[in-house]
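**Student:** everything below, folded, please.
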Amino acid sequence: MSPFGYGEPKLLDTPISAEVLGKRCAWYDKKEPSYNRSLAEYRTALRISVFDEESQRHLDLSAHGQSTLLIELLLNPWGCRLPKLESQHRATALDQVEAWWCGLDADVLPTVSDRLAADGTCLAQYAPVFRDLSERSVRVGGDSHTWGPVAASKTLYVLRPHFFLAWDTNIRKALGRPHGTAEDYVHFLEQARVRLNELAPDDESLKALQKEISQPSCTAAEMLNKYCWSMTRKKKGGSWIDPDLDGASG
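**Tutor:** Numbering: from 1, shown residues only. Below you'll find the predicted structure:
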């Protein structure tokens, strides 16, 4: 039975203690080292550090090499199933993400220094950005195979790791937002902002939290991503995994 079923609080509905966050992050690191490795390889290839704002300004998905690395080193290893390098559809996928990037207004995304917890703007302004990318076709002929809500969230997460979060089907279901629309993603960000403001509302508290739970290289959004992932895993038979009964503390 789902811990987020009818009548139960949804994922991110209730406060998260630093202790629980630390356990979930440790469980994530133990269970999915390949995710951390893919993210590190991608950032290393582009010479990006999440706490070096100048390096993040070099991100440019209009550059064919960068959009290729996004798919090869990160999105496909993270299960997005975008066209492979040898596929006839790869050029379409690259053209679409590059067109999306070039079509963005200069100020439509948060800056690299913006933090979700500290941001007080209306998050609904990011719905069109998410929707546009999510609905872009990644196949020749423009069939129904699109970039999709998972790849869209992970792309935004990579571009602005202090602000956006990634999700997958399990996380969406636990949020009570299974369809993954742009409005659902905004709801996710709104819920995440509430929880992050409780955990680490500013840089000083973030540094303290990073030290307390041994996550020195993670942004606040990344830590909450790990929490959401760890809380929503299923066994092959379909039952939900309780991290507390599966060695969450490592």
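
**Student:** shaky segments in this protein?
**Tutor:** The chain contains residues with pLDDT under 70 at 1-7, 140-144, 236-238, 245-250.

**Student:** residue closest to the middle of it?
**Tutor:** For the chain, the residue nearest the mean C-alpha position is Ala166 (1.8 Å; C-alpha atoms, centre = their mean).

**Student:** ok, that residue - contacts?
**Tutor:** Trp78, Val150, Ser153, Lys154, Tyr157, Asn225 (C-beta atoms under 8 Å, 6 or more residues apart in numbering). Where C-beta positions appear, they are placed from N, C-alpha and C, glycine not excepted.

**Student:** quick one, helices of this protein?
**Tutor:** 18-31, 33-46, 53-56, 64-69, 90-102, 127-134, 148-159, 169-174, 182-199, 203-212, 220-230 (DSSP state H).

**Student:** got those helices as a markdown table, with mean neighbour count and distance to Gly120 columns?
**Tutor:** A markdown table is the format used below for those (neighbours: other C-beta atoms under 10 Å; distance: least, C-beta to C-beta, whole Å):
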| stretch | mean neighbour count | distance to Gly120 |
| --- | --- | --- |
| helix 18-31 | 20 | 23 |
| helix 33-46 | 15 | 28 |
| helix 53-56 | 14 | 20 |
| helix 64-69 | 16 | 31 |
| helix 90-102 | 18 | 26 |
| helix 127-134 | 19 | 17 |
| helix 148-159 | 23 | 19 |
| helix 169-174 | 19 | 25 |
| helix 182-199 | 20 | 9 |
| helix 203-212 | 14 | 16 |
| helix 220-230 | 24 | 16 |
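
**Student:** of all these, which one is nearest Val112?
**Tutor:** helix 53-56 (4.2 Å; C-beta to C-beta).

**Student:** please save the CA atoms from that closest one in PDB.
**Tutor:** Taking Å, rounded to 0.1, in the frame of the first residue of the first chain, the C-alpha atoms of helix 53-56 are listed here in PDB:
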ATOM      1  CA  GLU A  53      28.300  30.900 -10.200                       C
ATOM      2  CA  GLU A  54      30.700  32.000 -13.000                       C
ATOM      3  CA  SER A  55      31.200  28.400 -14.200                       C
ATOM      4  CA  GLN A  56      27.400  27.900 -14.400                       C
END
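
**Student:** now tell me what touches it from outside.
**Tutor:** Arg47, Ile48, Ser49, Val50, Val112, Ser113.
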